[in-house]
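> have a look; sequence and predicted model below, questions after that.
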Protein chains: 4
Amino acid sequence: MQHDLSTLLVTGFEPFGGDTVNPSELVAAALHGSVVEARGRQARVVAQRLPCAFGDARARLAAAVDEWRPVAVLALGLAAGRAGLTPERVAVNLADARIADNAGGQPADQPVVSQGPAAYFTTLPVKAMVAAMRAAGAPAELSLSAGSFVCNELFYGLMHHLATAGPAACRGGFMHLPLLPAQAAGPAGLRPSVALDLQVAAAAAALQAVLAHEHDIAAAGGSIA
Amino acid sequence: MQHDLSTLLVTGFEPFGGDTVNPSELVAAALHGSVVEARGRQARVVAQRLPCAFGDARARLAAAVDEWRPVAVLALGLAAGRAGLTPERVAVNLADARIADNAGGQPADQPVVSQGPAAYFTTLPVKAMVAAMRAAGAPAELSLSAGSFVCNELFYGLMHHLATAGPAACRGGFMHLPLLPAQAAGPAGLRPSVALDLQVAAAAAALQAVLAHEHDIAAAGGSIA
Amino acid sequence: MQHDLSTLLVTGFEPFGGDTVNPSELVAAALHGSVVEARGRQARVVAQRLPCAFGDARARLAAAVDEWRPVAVLALGLAAGRAGLTPERVAVNLADARIADNAGGQPADQPVVSQGPAAYFTTLPVKAMVAAMRAAGAPAELSLSAGSFVCNELFYGLMHHLATAGPAACRGGFMHLPLLPAQAAGPAGLRPSVALDLQVAAAAAALQAVLAHEHDIAAAGGSIA
Amino acid sequence: MQHDLSTLLVTGFEPFGGDTVNPSELVAAALHGSVVEARGRQARVVAQRLPCAFGDARARLAAAVDEWRPVAVLALGLAAGRAGLTPERVAVNLADARIADNAGGQPADQPVVSQGPAAYFTTLPVKAMVAAMRAAGAPAELSLSAGSFVCNELFYGLMHHLATAGPAACRGGFMHLPLLPAQAAGPAGLRPSVALDLQVAAAAAALQAVLAHEHDIAAAGGSIA
């Protein structure tokens, strides 16, 4: 590992619930060690696998941030049923679990951080990321909710760490990934999916956009509801 | 109008875009003047129709709050495609319009309130509201995003007004309604809908829950993504 | 029971799989004994509950047809996930079960009737039925597939019986119903539903259309795919 | 072109409606000239582009069948909103167009072939095709309805031609394709899509299954509704 390159930290989750695979860890692993270049800047991707467990995941991510001191962090997770890669705009200070996590944890209506702000907006250029992923041939759109399970808790915990204790100028965000084709079959028929190679290419394009854009681009976006 | 009764302020929007009807104003109008009773408390519903326009809608709502000094405010709006009535948990400080509102406004990546907090959580007992609506025979679930259009702006504006300038102890929130059956046909086939009488009965049950529960109930909830 | 009135035979299924209720038997039961009138014609509804089992359901329906000698038969079944009431246009000569029926039967790639025609079209006025249900305030649209499970087998068996052995001039068809609101919650969130009273009113309107229209109306319809 | 190889005829449609591209013609074009091998058999793919017009499309396909005398025909079309590649099981004798085709044709409740049978089942091994496409990493499932627009008319017309006038032993079928990622964005958000390279690989695998299996495999399948 060359220490003259800056670092992009990318995380993925272990499989959750009945699944035997989680695209987020596969995408993160596929990007590990690659060098992202954009506008004369270079950064090397470091991937980290996280447990799907409240508390534990975000503690490990905070430790990794402090260890690697990356220029940016992109945490990945699975959102079954979504039809594309969806960068999240906002993390909310709420942990409310409909089902237990992999360690048995199931918080109900708890804040992620007591006395923390109600929400953090991502500091990644999410509209530029969507544009870059679409240019790479992948379906992508913005999302306004990361849920209230471990994904949102990790995202909120990341942004809180960066805002209060992390390395200066490190930006952070979260992106939900769709199912892989092998996971698409469900009791109500096929659910949307994106092949792993295209997910990896899209995520690489998103990282390029992160490196290229300190501030987000102006673009039509938003959701009516 | 008896002034010895406290007030529940309920708002609905005028039709938006190509629609000729908006269930939110019809539900609000149907509840206007009714008396809600729960646990020995009574309140009369006052309904207000709002324009579907950034800025204008929330200014009118703030004025109505100051005029009526209600015990609680429930703002209603339409979310085409949702399969039930969905109380919103959180309003975000973001106005980002994919299309223009009825007055031609189309903010992009603007805060609702400069220097305002990133988000406000509802102060209505949303889990009790969902339980009450289901007990009334209606499909209902929580929502974690009111979008980034006029609905979210109204919701954020309401919560900001209540937090900074409104009457003490007045609680507030927002609920998205599904399409009416007459609106269900779309280019990709039928979209989910709920009949007007059931929407009205559900909203009435939700208001009862608002009156009955100063604090929300404990219940499984949350969204994985 | 007055024997001077002609009969409309309506069937519903018992609950299937994990469900404790099936809207099709509730709708059929609610209509039992009612008198339908249209264009000077009258008919009394006779409801019959059927087991959710290959072979058994259609044998019982054929017996009921021979006993009651109705002017028309409308068989009802549940299609979880559909957003409205959907009269079926065509029954296919195929039994192919992804899961077992209530009696453990699970035919794979079998014809319903050996040497039977590949399909039967309904002889009910399905476009008039959709128009009547929409006029009654219910979401409704045509469907081109009743699946390959017990519903389609019953539909095919009915049409084959009417074509080959049933009473002359008796018309027949099948309509899928959506979930009830109490069944709407699923692992991926709310599924579409329609309240029981509206399902009953819609089915009554559909029966009126059956009585009023010996031949279907001209109306835009069809599905691109 | 070597004339000692047998032919697999694959067709695709020109773009329809507002679209500027149709994956079916792109997939067919990508396969043109390729040699499919399975179980010691070989065949060369001949691709043909068809207009999206009632009558015209199936006349051209019948002419192509008579010219090429293929061992099998696989017609392709687009089904926006489906989450995978879906071989159709049955073609129905019904043309009922909700909108006009590219030539302005809009039949309503017309048979494709007067006095033709109500339906034809595909003679391709559709379960083997689904298994092969999944093994190739693509989302795929069976479909029981090709609609009542030009796709179904082409499919029915093909099967009728093969049954009544075509070359002996030529098998035929139809497969609907999902949207491409560039087409995925819609007014209600992203619709499911599959990348072109994966669609092409899946279709190639389906053709291999056609060559390998004169009769379909035994496999769980079917649709409840």
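That came in fine, so what should we check first? Residues are numbered from 1 along each chain as shown, chains lettered A, B, ... in the order given.
> how many residues are close by A:P70?
The number of residues packed near A:P70 is 23, by other CB atoms under 10 Å in any protein chain shown. (C-beta placed from N, C-alpha, C; glycine too.)
> hang on, isn't it packed against A:V10?
No. Taking contacts as CB atoms under 8 Å, A:P70 lies outside contact range of A:V10: 9.1 Å.
> in the longest strand belonging to chain A, which residues are buried?
Assignment by DSSP state E gives strand A:41-50 as the longest strand of chain A. The neighbour-count check on strand A:41-50 (16 or more other CB atoms under 10 Å in any protein chain shown) flags A:43-48, A:50 as buried.
> mind listing residues that contact whichever helix or strand comes after it?
Next helix or strand after strand A:41-50 toward the C-terminus (DSSP states H and E): helix A:56-68. The contact list for helix A:56-68 (CB atoms under 8 Å, 6 or more residues apart in numbering or on different chains) reads A:7, A:9, A:11, A:13, A:46, A:48, A:50-51, A:73, A:75, A:103, A:112, A:150, A:153-154, A:156-158, A:161-162, A:165-167, A:170.
> go through these and flag which are in helices.
If you go by DSSP state H, the contacts of helix A:56-68 have A:150, A:153-154, A:156-158, A:161-162 in helices.
> can you put those in JSON lines and add neighbour count and pLDDT?
Shown next, in JSON lines, are the ones in helices among the contacts of helix A:56-68 (neighbours: other CB atoms under 10 Å in any protein chain shown; pLDDT from 0 to 100):
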{"residue": "A:V150", "neighbour count": "31", "pLDDT": "97"}
{"residue": "A:E153", "neighbour count": "30", "pLDDT": "98"}
{"residue": "A:L154", "neighbour count": "29", "pLDDT": "98"}
{"residue": "A:Y156", "neighbour count": "27", "pLDDT": "98"}
{"residue": "A:G157", "neighbour count": "25", "pLDDT": "98"}
{"residue": "A:L158", "neighbour count": "28", "pLDDT": "98"}
{"residue": "A:H161", "neighbour count": "22", "pLDDT": "98"}
{"residue": "A:L162", "neighbour count": "22", "pLDDT": "98"}
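> list just the nearest of the residues you listed to B:A218.
The shortest approach to B:A218 among the ones in helices among the contacts of helix A:56-68 belongs to A:E153, at 19.1 Å (CB to CB).
> ok, that closest one touching A:A95?
Yes. In this structure, A:E153 is within contact of A:A95 by CB under 8 Å, at 5.2 Å.
> which neighbours do the two have in common?
Common contacts of A:E153 and A:A95 (CB under 8 Å, 6+ apart): A:54, A:112.
> report the next helix or strand after the lowest-mean-pLDDT helix or strand in chain A in sequence order.
One helix or strand of chain A scores below all others by mean pLDDT, DSSP states H and E: strand A:185-186, with a mean of 90. Heading C-terminal from strand A:185-186, the first helix or strand you meet, by DSSP H and E, is strand A:189-190.
> is chain B within reach of that following strand?
No. Judged by CB under 8 Å from any CB of the partner chain, strand A:189-190 stays clear of chain B, getting no closer than 14.2 Å.
> is whichever helix or strand comes after that strand anywhere near chain B?
Tracing the chain C-terminally past strand A:189-190 and defining elements by DSSP H and E, one meets helix A:196-212 next. No. If you take CB under 8 Å from any CB as the test, helix A:196-212 misses chain B, and the best it gets is 15.6 Å.
> helix A:196-212 versus helix D:196-212: what angle between them?
Between helix A:196-212 and helix D:196-212, the angle comes out at 170 degrees (axes from the mean of the first three to the mean of the last three CA atoms, to 10 degrees).
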